[in-house]
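J.: sequence plus predicted model, see below.
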Amino acid sequence: MLDVTGISHTYGSGAKTHTALGNITFTVEKGEIVCIVGPSGCGKSTLLRAISGLMPPSAGESRFMGNPIKEVPEDLAFVFQEYSKSLFPWLSVKGNVAFPLKARGMARRERRRVVEEALSSVGLGEAGEKYPWQLSGGMQQRVAIARALVCQPALLLMDEPFASVDAQTRAELEDLLLSVRREYNTTVLLVTHDIDESVYLSDRVLVLCKAPSTIVATIDVTPLGPDRDQITTKETDEFVHLRGEVARLLRYGHLDEVDGHGVPVEAIAE
């Protein structure tokens, strides 16, 4: 679905430069949820923008279903962290969700049907006539997710989409994402700073080091199985073990270092 090869990015010019991304290469298979974690300021958001076509990288390329990404592909959707700024306050909930369909020229009757289905899938079937400023933060983010899903994208990019909501709403939105993946078979690449979230949601976790960031390790999370629950899954020994692997990699940063118990991180990554 997605091939990322040698992506790097440097801001500025001359003596005032900052290299955010080193040399990043990975793939995302169809139907996967892959989470990216890393230290604050390591370039996670920059990476998503470089991959999506919103910003050209300094070097490297991304391919979406085999085709080089030069601009945002039609079959790709992006959910931003700042949902309150990504929604149009002068449009109703239905108007916000319908916006990309209207831009594509979909007929009004079909557009209405698709919008109602998308809102129902995120639990907002009764909120269509309201405006974003009348909704809670969690409901606003549901609108943003519905707008991304309304075109049934093959690939969904999400930049810390649940970081600005309370813990209970975050858990609800995480479970919503898992149910949406099952329903639409959407491939998801998600950036998060939350270790628990990365393990709970994903099939694989990509761990980045400090800028200029590279991938320190890829953690396989599929042993948790496809059916996950906020309480029982997080109580399992497997979840605790996987969470510990990610935490150690984030803390020590490099594969040639050791964890607090003297265990080589190479062994942890393997």
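T.: Yes, it's here. Bear in mind that the values here come from a model prediction, so they are computed numbers and not experimental data.
J.: going by C-alpha atoms from here, please, whenever you check contacts or count neighbours.
T.: Will do.
J.: quick check: mean pLDDT across stretch 185-200?
T.: Averaging pLDDT along stretch 185-200 yields 92.
J.: now do the same for Pro89: helix, strand or coil?
T.: Following DSSP: H, G, I helix; E, B strand; the rest coil, the label given to Pro89 is coil.
J.: can you start the count at 230 instead of 1 from here on
T.: OK, 230 is where the count begins now, so the last one is Pro318.
J.: got the phi/psi numbers for the residue sitting nearest the centre point of the chain?
T.: Nearest to the mean C-alpha position of the chain, counting by CA atoms, centre = their mean, stands Leu419 at 1.6 Å. With angles defined as degrees, to the nearest 10, Leu419 sits at phi -130, psi 130.
J.: separation between it and Asp432?
T.: 11 Å (CA to CA, to the nearest Å).
J.: which residues are in contact with both of those two?
T.: 262-263 (CA atoms under 8 Å, 6 or more residues apart in numbering).
J.: if we can go back for a sec, surely the residue nearest to the centre of the chain touches Ile265?
T.: Yes - Leu419 is within contact range of Ile265, at 6.1 Å (criterion: CA atoms under 8 Å).
J.: how is this protein divided into domains?
T.: 230-241+251-304+383-437+446-492+495-499, 312-381 (automatic domain parsing).
J.: for the protein, what helix or strand is lowest in average pLDDT?
T.: Ranking every helix and strand in the chain by mean pLDDT, DSSP states H and E puts helix 494-498 at the bottom, with a mean of 41.
J.: what pLDDT does Glu467 get?
T.: pLDDT, Glu467: 94.
J.: quick one, strands of this protein?
T.: Assigned by DSSP state E, the chain shows strands spanning 231-242, 245-257, 262-266, 288-293, 296-297, 305-308, 384-388, 416-420, 433-437, 444-449.
J.: and the angle from the longest one to strand 288-293?
T.: Taking axes from the mean of the first three to the mean of the last three CA atoms, to 10 degrees, one finds strand 245-257 and strand 288-293 inclined to each other by 30 degrees.
J.: the last one too?
T.: When the same axes, to 10 degrees is applied, the directions of strand 444-449 and strand 288-293 differ by 20 degrees.
J.: strand 444-449 - contacts with which helices or strands?
T.: strand 433-437, helix 466-481, helix 494-498 (3 or more CA pairs under 8 Å, 6 or more residues apart in numbering; DSSP states H and E).
J.: taking helix 466-481 as reference, get the angle to it.
T.: Using the same axes, to 10 degrees: strand 444-449 against helix 466-481 is 180 degrees.
J.: cool, the longest one as well?
T.: The directions of strand 245-257 and helix 466-481 differ by 160 degrees, with the same axes, to 10 degrees as the criterion.
J.: any idea of the mean pLDDT in strand 245-257?
T.: Rounded mean pLDDT across strand 245-257 is 89.
J.: contact partners of that strand?
T.: 230-241, 263, 271-272, 275-276, 416, 418, 440-444.
J.: right, I'll leave it there.
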